[in-house]
Each structure stands twice: as C-alpha cells, then as structure tokens.
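**Q** Here's a sequence, model it:
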Amino acid sequence: MWFLFLLPPSLKELENRLYKRAQDQEYIILERMNKAIAEISHWPEYDYVLINDNFEETVQSVFGIVESEKKRRRRQIGLDKFIKTLVESP
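**A** Next up, the predicted model:
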C-alpha cells in the first residue's frame, strides 16, 4: 500500500478555488482552509507528494504513479517463473 498527498500550488490559490466553486458559505471555506493548513503538515508521512497546479498534468502524474506501482517486482505475479524460463533457455 502506498499513499499520495496532493498539495495546492499555494494557500491563496486553494482559497480562490474554493470560492470559485461557489458551493460553500464563507465560514465553511474558512474552516476548510484551517483544516487544509493542519493537514499539510502531514506531507512527510506520504510516499508521493504532488503539487496540483495543473489539473490535467496532476491526473497524468497520478496515472503514472499507479502504473509504476503495478510494475513493482513484488506485485508481478508469476515473474519468478518467467525469469526461470529465461535462465533455463538454451
């Protein structure tokens, strides 16, 4: 298992994004900002940390991480048998 943390490019940008969504009242946005500041302090606990400054690029980075994780040796079922056939080939 691995953990991914997404950071905003800045706190100001995070605040702007929350206001642009127009989904929450101002007091909720302020609560979310305070919670975000507290959560950001936990970034060292994560395996991957991405700065979400461009949504499409961030999504591609997440897909890249997922693909890389799939290729980890311990996740490749049957790899040992495949290697054995390579070594035993004439």
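**Q** Wait, a strand at Gln60?
**A** No. Per DSSP: H, G, I helix; E, B strand; the rest coil, Gln60 lies outside any strand segment and is helix.
**Q** OK, contacts around it?
**A** If you count contacts by CB atoms under 8 Å, 6 or more residues apart in numbering, Gln60 has none. C-beta: built from backbone N, CA, C; applies to glycine.
**Q** mind redoing it with 10 Å?
**A** Contacts of Gln60 were listed using CB atoms under 10 Å, 6 or more residues apart in numbering, and they are Asn54.
**Q** Make residue 1 into 352 and carry on from there
**A** I'll keep to 352 as the first residue from here, and by that count the last item is Gln411.
**Q** Got the confidence number for it?
**A** Listed pLDDT for Gln411 reads 98.
**Q** quick one: it from Asn405, how far?
**A** 9 Å (CB to CB, to the nearest Å).
**Q** same thing with Asp398?
**A** Separation of Asp398 from Asn405 (CB to CB): 21 Å.
**Q** right, and Arg368 touches Asp375 too?
**A** No. With contacts counted by CB atoms under 10 Å, Arg368 stays clear of Asp375, the gap being 11.3 Å.
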